[in-house]
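Chemist: sequence and predicted structure, then a few things I'm wondering about:
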Amino acid sequence: MRRVVVGVILILTSLQILVTGVPAMASGFPNANTYGLTTGPTSQTYADPVHKYVSYTFTLVNGSSRDADIRQIGQNGPGMQLLVSVGSGMASKLLPPTGPGRIQTVLAHKSLRLTVWFRISNCATVSKGSWPLKMDVGWSTQKLLRVSLTMTSAGSLQWQKFLADSVCP
């Protein structure tokens, strides 16, 4: 009986690792790549050095066989404040942000361009290392799941540092 219980525990642990991945379990958030969500090869940035607003528009690719509903993307970070709403001046320059209350659906095996806006509040504290974006994703009737989306780097700099450097002296 003890062997059966130990065997069941090992199988369940193995399934958890297969579903979320070892790094995802360590970070507390599953990696979006586990669910077929990745960033595409192109991105676009905008910088307003006067107000220290920056935006990052990127392609989210859904490699899954199910549509994915994105309900929230982005979070505050060191030296960066996520902007949920933008003024008409910024909105006319690029896409509006994907924020609370706005559901964006990425169809199965398709892609969608998303934009996140930040205000750089402290140039010196913006993270130089990998800083994945958090997003809330749902698939049809499934509950929302918070996942980490690993963003592509801009040359030798991480994406967030590249954005900050565009408005910081």
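Modeler: Thanks, I have the structure now.

Chemist: which helix or strand in this protein has the lowest average pLDDT?
Modeler: In the chain, the helix or strand scored least confidently by mean pLDDT, DSSP states H and E is helix 2-20, which has a mean of 37.

Chemist: any idea how far the nearest residue to Ser140 once chain neighbours are set aside lies from Ser55?
Modeler: Distances taken as CB to CB, 6 or more residues apart in numbering put Arg66 closest to Ser140, at 6.6 Å, once the chain neighbours are dropped. Using the backbone N, CA and C atoms, a C-beta is placed for each residue, glycine as well. Using CB to CB, to the nearest Å, Arg66 is found at 29 Å from Ser55.

Chemist: out of those two, which sits in the more crowded spot?
Modeler: Ser55 (22 against 15; other CB atoms under 10 Å).

Chemist: helix/strand/coil for that one?
Modeler: strand (DSSP: H, G, I helix; E, B strand; the rest coil).

Chemist: can you verify my assumption that it contacts Leu114?
Modeler: No - assessed by CB atoms under 8 Å, Ser55 is found out of contact with Leu114, at 10.5 Å.

Chemist: quick one, phi/psi of Glu32?
Modeler: Wrong residue type there; residue 32 is Ala, not Glu. phi -60, psi -30 (degrees, to the nearest 10).

Chemist: contacting residues around it?
Modeler: Thr38, Met135, Val137, Val147, Ser148, Leu149, Thr150 (CB atoms under 8 Å, 6 or more residues apart in numbering).

Chemist: which of those lies closest to Ile103?
Modeler: Of all the contacts of Ala32, the one with the least separation from Ile103 (CB to CB) is Val137, at 10.6 Å.

Chemist: and Gly87, what pLDDT?
Modeler: With respect to pLDDT, Gly87 has a value of 45.

Chemist: the contacts of Ala32: which two are farthest apart?
Modeler: For those, the maximum inter-member distance is 14.3 Å, found between Val137 and Thr150 (CB to CB).

Chemist: more crowded one of the two?
Modeler: Taking other CB under 10 Å, Val137 and Thr150 do not tie; Val137 has more neighbours (23 against 16).
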